[in-house]
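[1] got a predicted structure here, sequence first:
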Amino acid sequence: MAGHFLSRLNDGPPIVADGGMGALIAAAVPRLRNPVEANLRSPDAVVSLHASFINAGAELIETNTFAANRHKLASYYLDDEFELINSTAVKLARDAREMTGRDVFIGAAIGPVGENIPSEQRKSIFAEQADILAGRGADLFMVETFYDLAELEDAVTAIKEVSNLPIVALLTFDEGGVTLAGVTAKEAADRLSALDIAAIGANHGAGLLAALTALEQMKAEGRALAALPNIGLASLSGGRVVYPHATPDYFVEFAAHARDLGARIIGGCCGTTPTEIAAIRTAIDEARPARSELTLAERDIVVALGEEARETRLATALREKQFVVSIQLDPPLGGSNRGLLETSTAIADSGLVPFVDVNDNATARAGMSSLMVSGAIERATSLETIPHLTTRDMTILGLESMLLGAHAEGVRNVLAITGDPPEIGDYPGSQGVYEIDAIGLTRLISGLNRGEDFNGRPIDAPTSFFVGVAVNPTADDLEAEAERFRQKVEAGAKFAMTQIVFDLDHIDRFGELLGGWPIPVLAGIFPVTTFRLALRLHNEVPGILVPQELQDALDAAGPNASEVGFAHARELLAACRGRVDGVYIVAPYRRPTAVLDLLSSL
């Protein structure tokens with residue numbers, strides 16, 4: 001059948017493929033951990049779905065193995081069934097072919113690992129699955145829904161090591177014909193064509209027009225293309241994934257355009273049913289011409305790179321070696337920011353401090369968004385803000401969205417932090433998002449400044465953030481902390497803010513470990529107001545060391561402990577000049593403007 005497939009691919013009319021197998025199986029069989037589990041739990045449903053696509057006109061059906069590599073199955077505790085799930089999938093597809101009596105090709109579906117693991121490990125995972133699928137009687141491989149071109153290249157290379165079956169390699173593209181990793185369809189086609197595979201193309205993605213956009217870029221003389229897009233953009237309704245109701249005529253038009261662009265395999269992905277496949281069959285059999293001209297416009301860049309770039313006052317102060325002073329504020333835990341704005345106004349009116357930095361759900365307690373609060377402070381006062389931004393509470397998409405909105409509102413400084421674990425805060429049963437850490441967030445912000453999103457795709461207008469990072473010179477593992485700090489600097493950090501310190505020798509020693517501070521650093525100073533607070537900081541907050549001498553002094557001072565704490569903070573503040581580039585001072589709880597007394601002597 002492999003030779004027959006290649007002959008048909010190159011010399012016959014376009015091959016009609018099936019539709020969204022995984023999505024339909026998940027809808028038909030309840031409580032599946034993964035759609036491939038249906039191969040064992042509900043084989044009749046799998047055969048029935050295959051048969052329905054064949055009866056609708058599909059000449060190529062895909063095995064229900066898209067997410068059946070051992071690595072993916074392990075995340076669903078199905079890895080012990082790895083061999084059985086894959087071998088059964090091929091058997092079920094063959095059963096459907098025999099049951100319908102149609103001469104259809106069986107494509108062994110292989111999807112991405114989807115995690116950032118070493119190339120050789122990925123190849124081993126792909127080769128293991130491909131070996132089973134080829135051995136059970138598949139006619140070709142459908143290697144599909146890849147977002148990362150390098151991973152797709154690994155998959156093709158691995159499959160070729162264990163099988164001589166034809167390979168169709170498919171990437172997923174957005175409306176502009178670009179992958180999530182920022183690779184254009186043309187670049188992908190050029191690289192994949194060098195691998196000597198049967199066909200290349202687009203599947204899944206942002207819908208039919210996105211696939212056609214990709215084909216337009218991929219087409220070349222003698223190059224076999226494939227298009228198997230989603231029916232459109234999905235939505236959620238009552239906990240179910242719902243796809244739009246595209247008309248059959250819409251798919252007839254799609255098939256006509258895909259054929260004209262050089263597609264030799266035309267089918268569907270998520271949301272496509274036998275109805276849409278029947279429409280494609282009609283378009284191919286009747287040689288339907290496209291009713292309208294296909295016009296694919298490139299996305300315009302709204303603002304030229306660098307147009308909005310400007311240096312922040314913080315960046316200027318650090319560049320000019322000015323001693324920087326900021327006051328750290330906590331956002332409100334309720335729905336009104338009036339008190340915070342009054343405090344910010346008092347700080348601004350004092351003329352002592354030009355900057356405030358704003359915590360982001362510190363100690364995992366839910367408060368107002370630091371970015372939104374910072375925008376409000378900058379609109380209401382002359383202060384420039386340094387909002388902290390944690391990766392704990394938002395996905396990459398959410399972080400990027402918030403950053404772009406904050407930039408449009410004039411916020412330019414950002415401190416990238418990973419954030420305290422949710423277990424210590426208001427929601428101990430919850431889990432943090434943590435799609436990336438502070439290093440990844442720094443890379444994200446640096447990319448936005450270059451006019452690129454997290455995956456390297458161009459955005460409409462670049463940002464001009466001045467990004468800082470946290471560093472802890474009193475960490476338990478200083479070598480590990482130093483290595484993470486170096487990675488933050490490599491990712492694009494421009495300044496650093498230390499954990500709260502009560503002894504500047506820690507900063508000096510950490511600087512020596514680094515071989516010198518590579519970027520400006522602001523030391524954290526906290527005027528401790530009670531002995532109990534000192535005990536809590538020293539014993540319960542990771543990375544903070546309160547010297548025993550200070551603890552004893554606070555204890556002995558009794559009700560006058562606040563005076564001792566402020567005196568110590570004043571000494572630290574004076575000692576910081578010449579040793580660091582500035583300080584941030586943590587405002588005492590419910591007495592935020594009290595820190596102004598510290599600064600009056602500067």
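    Received the coordinates, thanks.

[2] for Asn230, grab the count of nearby residues.
    Asn230 has 27 neighbours, counted by other Cβ atoms under 10 Å. From N, CA and C alone the C-beta is placed, and that goes for glycine too.

[3] could you do Leu537 as well?
    Around Leu537 there are 18 residues (other Cβ under 10 Å).

[4] please name the nearest non-neighbouring residue to it.
    Excluding the flanking residues, the one nearest Leu537 by Cβ to Cβ, 6 or more residues apart in numbering is Ile544, at 4.8 Å.

[5] distance of the residue nearest the centre of the chain relative to Glu161?
    In the chain, the C-alpha nearest the mean C-alpha coordinate belongs to Ile396, at 4.1 Å (Cα atoms, centre = their mean). Distance of Ile396 to Glu161, given as Cβ to Cβ, to the nearest Å: 34 Å.

[6] what of Tyr250?
    41 Å.

[7] the two - which one has more neighbours?
    Tyr250 (16 against 12).

[8] how about the helix or strand that contains Ala317: buried residues?
    Using DSSP states H and E, Ala317 falls within helix 313-319. Residues Arg313, Leu314, Ala315, Ala317, Leu318 are the ones in helix 313-319 that count as buried (16 or more other Cβ atoms under 10 Å).

[9] equivalent analysis for stretch 542-558, please.
    Buried, per 16+ other Cβ under 10 Å, within stretch 542-558: Gly543, Ile544, Leu545, Val546, Leu550, Gln551, Ala553, Leu554, Ala557.

[10] so what touches that stretch?
    Stretch 542-558 is contacted by residues 472, 474-476, 499-500, 502-503, 506, 528, 530-531, 534-535, 537-538, 561, 563-565, 568 when judged by Cβ atoms under 8 Å, 6 or more residues apart in numbering.

[11] again, only using 6 Å
    Residues from elsewhere that reach stretch 542-558 (Cβ atoms under 6 Å, 6 or more residues apart in numbering): 472, 474-475, 499-500, 502-503, 531, 534, 537-538, 561, 564, 568.

[12] kindly report the same for stretch 391-405.
    Against stretch 391-405 from outside (Cβ under 6 Å, 6+ apart): Leu371, Thr418, Gly419, Gly432, Val433, Tyr434, Glu435, Ile436, Asp437, Leu441, Phe454.

[13] how about stretch 569-588?
    By Cβ under 6 Å, 6+ apart, stretch 569-588 touches 318, 323-329, 357, 497, 504, 520-527, 529, 594-595, 598.

[14] again, only this time at 8 Å
    317-318, 321-330, 343, 357, 386, 495, 497, 500-502, 504, 507-508, 520-529, 593-595, 598-599, 601-602.

[15] got it, and stretch 508-520?
    Residues from elsewhere that reach stretch 508-520 (Cβ under 8 Å, 6+ apart): 318, 324, 471, 473, 478-479, 481-482, 485-486, 489, 493-496, 521, 579, 581-582.

[16] any idea whether the residue of the chain most remote from its centre is helix, strand or coil?
    Distance from the centre of the chain peaks at Ala556, with 51.5 Å (Cα atoms, centre = their mean). Secondary structure of Ala556, reduced to three states by DSSP: H, G, I helix; E, B strand; the rest coil: helix.

[17] what about it, distance to Ala491?
    46 Å.

[18] same check on Gly405?
    Per Cβ to Cβ, Gly405 is found 22 Å from Ala491.

[19] just Thr529 next, same as before
    Thr529 is 37 Å from Ala491, by Cβ to Cβ.

[20] tell me which element the residue lying closest to Gly107 once chain neighbours are set aside falls in.
    Spatial nearest neighbour of Gly107, excluding adjacent residues (Cβ to Cβ, 6+ apart): Met142 at 3.9 Å. For Met142, the enclosing helix or strand under DSSP H and E is strand 140-146.

[21] what lines up beside whichever helix or strand comes after the helix holding Ala317 in the sheet?
    Using DSSP H and E, the helix or strand that follows helix 313-319 towards the C-terminus is strand 324-329. Next to strand 324-329 in the sheet, as set by DSSP bridges, lie strand 355-358 (parallel), strand 582-586 (parallel).

[22] list of residues touching strand 324-329?
    With Cβ under 8 Å, 6+ apart as the contact definition, strand 324-329 has outside contacts at 314, 317-318, 340, 343-344, 347, 352-359, 386, 520, 522, 524, 581-587, 592, 595, 599, 602.

[23] do that again at 6 Å, thanks
    317, 347, 353, 355-358, 582-587, 595.

[24] buried ones among the residues you listed?
    317, 347, 353, 355-358, 582-587, 595.

[25] would you reformat these as TSV and include pLDDT and distance to Ala278?
    Output for the buried ones among the contacts of strand 324-329, formatted as TSV (pLDDT from 0 to 100; distance: Cβ to Cβ, whole Å):
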residue	pLDDT	distance to Ala278
Ala317	97	68
Ile347	94	69
Val353	94	70
Phe355	97	65
Val356	97	63
Asp357	96	61
Val358	96	58
Gly582	97	69
Val583	97	71
Tyr584	97	66
Ile585	95	70
Val586	93	67
Ala587	86	68
Val595	85	72
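
[26] which residues of the stretch 1-150 of the chain fall in strands?
    Assigned by DSSP state E, counting those that start in this stretch, the stretch 1-150 of the chain shows strands spanning 15-16, 60-62, 105-110, 140-146.
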